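Asker: make a model of this:
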Amino acid sequence: AQDLALVCPASTGGGAVIEEQARVIRVINGVAEIVTQRPSACGSCAAKQGCGTSMLAAWLPHRQLNFHIVNDIDARVGDLVVVGLDERVLQRGSLLLYAVPLAGLLTGAIAGERLFAQFGWSSELGAVLLGLLGLTVSLGLVRRSAAERVIAGEGGIRLLRVAGRTLSLKPDDSMLTNGR
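Answerer: Sure, this is the predicted structure:
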């Protein structure tokens, strides 16, 4: 299964940008579909030869991530491009992804424990059930919020530059007329 997301450009406002290389596999109506390999965290560690995590990473398949992203740098199919992610967007997204579900879980668990205890039922069961409900609701809110940000153009990911051009496989009109 491939991960698909529509990513819109956003200005960094002078913040740090995390860069990654990707390959353009399709361009349609000003939107480029790019593919990047999900990197292993063990790629540059000095202790990777004796590390269990490094051995595990070698056994697991490297997933490709596909994105649809606004092509404002005139990238062409086959080009190697540099994709940038605003570091502040990553930090806010990480906080949203971890803090909100945790708060939902804890709030639901506390409410469930107290509510079930008032009715004389098992407070542990109430904590588990309402904790899971709080977690589920908060994950839905996080997903909805993330989708709204992407639609509003606040995805934080954008094409920065073309790192390497590939030769076009289709002959253009000038090649056809000059050859005759």
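
Asker: contacts for stretch 23-37?
Answerer: Stretch 23-37 has contacts (CB atoms under 8 Å, 6 or more residues apart in numbering) with 6, 20-22, 62-72, 75-81, 83, 159. For the C-beta atoms, the positions are set from N, CA and C on the backbone; glycine is no exception.

Asker: buried members of those into ChimeraX, please.
Answerer: With 16 or more other CB atoms under 10 Å as the criterion, this ChimeraX line picks the buried residues out of these:
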select :20,22,67,68,69,70,71,75,79,81,83,159
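
Asker: in strands only, show me the contacts of stretch 23-37.
Answerer: 6, 20-22, 64-70, 80-81, 83, 159 (DSSP state E).

Asker: can you give me the strands for the protein?
Answerer: Using DSSP E, strands in the chain cover 6-7, 17-28, 31-37, 64-70, 80-86, 157-164.

Asker: sheet partners, orientation included, of the third one?
Answerer: To tie it back to what came earlier, the one meant is strand 31-37. strand 17-28 (antiparallel), strand 64-70 (antiparallel) (DSSP bridges).

Asker: what would those look like in a markdown table with distance to residue 126 and mean pLDDT?
Answerer: A markdown table is the format used below for those (distance: least, CB to CB, whole Å; pLDDT from 0 to 100):
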| stretch | distance to residue 126 | mean pLDDT |
| --- | --- | --- |
| strand 17-28 | 42 | 87 |
| strand 64-70 | 40 | 81 |
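
Asker: among these, which comes closest to residue 102?
Answerer: strand 17-28 (24.3 Å; CB to CB).

Asker: now the two most distant members of the ones in strands among the contacts of stretch 23-37.
Answerer: Longest span within those, CB to CB: 6 and 80, 21.4 Å.

Asker: quick revisit: need the strands of the chain in JSON lines (columns: distance to residue 114).
Answerer: Shown next, in JSON lines, are these (distance: least, CB to CB, whole Å):
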{"stretch": "strand 6-7", "distance to residue 114": "42"}
{"stretch": "strand 17-28", "distance to residue 114": "43"}
{"stretch": "strand 31-37", "distance to residue 114": "47"}
{"stretch": "strand 64-70", "distance to residue 114": "43"}
{"stretch": "strand 80-86", "distance to residue 114": "41"}
{"stretch": "strand 157-164", "distance to residue 114": "42"}
